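Colleague: task: produce atomic coordinates for the following.
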Amino acid sequence: MADDTKSLAQGLKRRDPELLDLLIEQYQYRLFRYLVYLTSSRERAEDFFQETWIRVLERGHQYDGKSKFEAWLFAIARHLVIDWQRQKKMQSLDELTDTAQDNPLQIEAHNEPSPLHLVLSHETQAGVQDSLGRVPAIYREVLLLRFQEELGLEEIAAVLAAPLSTVKSRLYRGLEAVREAMQGGAA
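Modeller: Numbering: from 1, shown residues only. As a prediction, the model looks like this:
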């Protein structure tokens, strides 16, 4: 394992195109699914998917091989999404109070199911999906990384840049929230 990550780190430092192709092939579905979950948009996920691999190519020399590659990869993707979310602009009050609109002071409702919901509908039962949707995002992310992406607790801590105890706490609370949601309680 240590030899694999060290040789991977060396290949990334050399910008080995064959290695990058293998990594993309190995992680493309998991990374894309994760990005769809985080952005709730297939188009945005595609953009972030490409940008993540560009960053891997540009910054491969920063991967030291001390941790699993997938944790490093998911952390890059997560940071790109966080940066994007920070730049998003809220709807202006002027837009909301425009009297020419049919319903001033109304924020547009999005009643379409999210891409994550559509992806999960093929993999899990409808009841679990509905319950997971009622779980706060901070817990949903840990649940997704642990059970869907099958990352270990230490790897999740690396992706989130959070202490292991925080990851364990969020995982426990997330599982409790899913259990309550499935029983009809408020999550």
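Colleague: CA atoms for contacts and neighbours, from now on please.
Modeller: Fine.
Colleague: what about Ile82, how many neighbours?
Modeller: Neighbour count of Ile82, defined by other C-alpha atoms under 10 Å: 13.
Colleague: run through this protein and note the low-pLDDT ranges.
Modeller: Across the chain, the ranges flagged by pLDDT under 70 are 1-3, 89-129, 185-187.
Colleague: longest helix in it, please.
Modeller: helix 17-39 (DSSP state H).
Colleague: how far does that helix sit from the chain's center?
Modeller: 12 Å (C-alpha atoms, centre = their mean, to the nearest Å).
Colleague: who are the packing partners of the next helix or strand after it?
Modeller: The helix or strand immediately downstream of helix 17-39 is helix 42-59, counting by DSSP states H and E. In terms of contacts (3 or more C-alpha pairs under 8 Å, 6 or more residues apart in numbering; DSSP states H and E), helix 42-59 is packed against helix 17-39, helix 69-87.
Colleague: contact partners of the shortest one?
Modeller: When contacts are defined by C-alpha atoms under 8 Å, 6 or more residues apart in numbering, helix 69-87 is touched by residues 5, 27, 31, 35, 38-39, 48-49, 52, 55-56, 63, 151, 155-156, 158-160.
Colleague: name the element Glu150 belongs to?
Modeller: Counting by DSSP H and E, Glu150 is part of no helix or strand.
Colleague: burial count for the residue lying closest to Gln10 once chain neighbours are set aside?
Modeller: In this structure, Gln10 finds its nearest non-sequential neighbour in His61, 7.9 Å apart by C-alpha to C-alpha, 6 or more residues apart in numbering. His61 is flanked by 15 other residues according to other C-alpha under 10 Å.
Colleague: so how far is Leu20 from His61?
Modeller: 13 Å (C-alpha to C-alpha, to the nearest Å).
Colleague: kindly report the same for Leu80.
Modeller: According to C-alpha to C-alpha, Leu80 and Leu20 sit 19 Å apart.
Colleague: give the contact list for the residue nearest to Gln10.
Modeller: Taking C-alpha under 8 Å, 6+ apart as the test, what His61 contacts is 9-10, 12-14.
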